[in-house]
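K.L.:
predicted model, plus sequence, below.
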Amino acid sequence: MPILLFLFLAVPLVEIYLLIEVGSRIGALPTVALVVGTAVLGAALLRHQGLATLGRARSSLDQGELPAVELLEGVALLLGGALLLTPGFVTDAFGFLCLVPALRRALIARLAQRLIVERLQPRDPSGPRTIEGEFRRED
């Protein structure tokens with residue numbers, strides 16, 4: 001939770017700083033055009049990637065397979081789209097990274113591996129506790 005709070009505070013400050021710096025170097029209108037252009041380009045790429053992912057998910061379903069990877073790719077695309085629609089250069093960079101298929105799949109594989117390892121190896125070194133007992137029902 002503290003990480004999210006830090007991100008909600010730090011990201012807008014970094015974005016505002018970069019927008020001011022870029023605006024002072026190339027001008028206000030070109031900066032706005034650049035921000036809007038990345039949003040439009042990102043939306044077009046997101047549409048293309050999303051339709052391709054949807055097609056792969058349908059193909060997996062037609063073959064009787066669970067489209068788990070495609071669903072996770074859809075979540076990554078949704079996150080990337082939200083980042084691209086957020087005005088700023090840092091969020092655009094991370095949004096475009098979510099649209100690169102190889103990076104997106106590597107991120108999903110790493111996240112899935114980490115979640116599986118954490119499920120198999122509990123964080124508590126003493127392991128789960130089992131309490132045994134007997135009960136009697138009284139009506």
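P.N.:
Happy to help now that I have it.
K.L.:
tell me where the model's unsure across this structure.
P.N.:
Residue ranges of the chain with pLDDT under 70: 117-129.
K.L.:
residue 130 in helix, strand or coil?
P.N.:
Here residue 130 is recorded as coil under DSSP: H, G, I helix; E, B strand; the rest coil.
K.L.:
tell me which other helices or strands the longest helix seen in the chain touches.
P.N.:
For the chain, the longest helix by residue count, based on DSSP state H, is helix 28-62. If you count contacts as 3 or more CB pairs under 8 Å, 6 or more residues apart in numbering; DSSP states H and E, helix 28-62 packs onto helix 2-26, helix 68-85, helix 89-99. (C-beta placed from N, C-alpha, C; glycine too.)
K.L.:
show me what the first one is packed up against.
P.N.:
What it means is helix 2-26. Contacting helix 2-26 under the criterion 3+ CB pairs under 8 Å, 6+ apart are the following elements: helix 28-62, helix 89-99.
K.L.:
next, count neighbours for residue 106.
P.N.:
Around residue 106 there are 11 other residues, counting by other CB atoms under 10 Å.
K.L.:
ok, now how distant is it from residue 50?
P.N.:
Applying CB to CB, to the nearest Å, the value for residue 106 to residue 50 is 19 Å.
K.L.:
likewise residue 8?
P.N.:
Taking CB to CB, one finds residue 8 at 26 Å from residue 50.
K.L.:
what about these two, which has more around it?
P.N.:
Taking neighbours as other CB under 10 Å, residue 8 and residue 50 compare with residue 50 leading, 17 against 9.
K.L.:
ok, now which ones touch the more buried one?
P.N.:
74, 77, 81 (CB atoms under 8 Å, 6 or more residues apart in numbering).
K.L.:
hmm, residue 49 and the second one touching each other?
P.N.:
Translated: residue 77. Yes: with contact defined as CB atoms under 8 Å, residue 77 and residue 49 form a contacting pair (5.7 Å).
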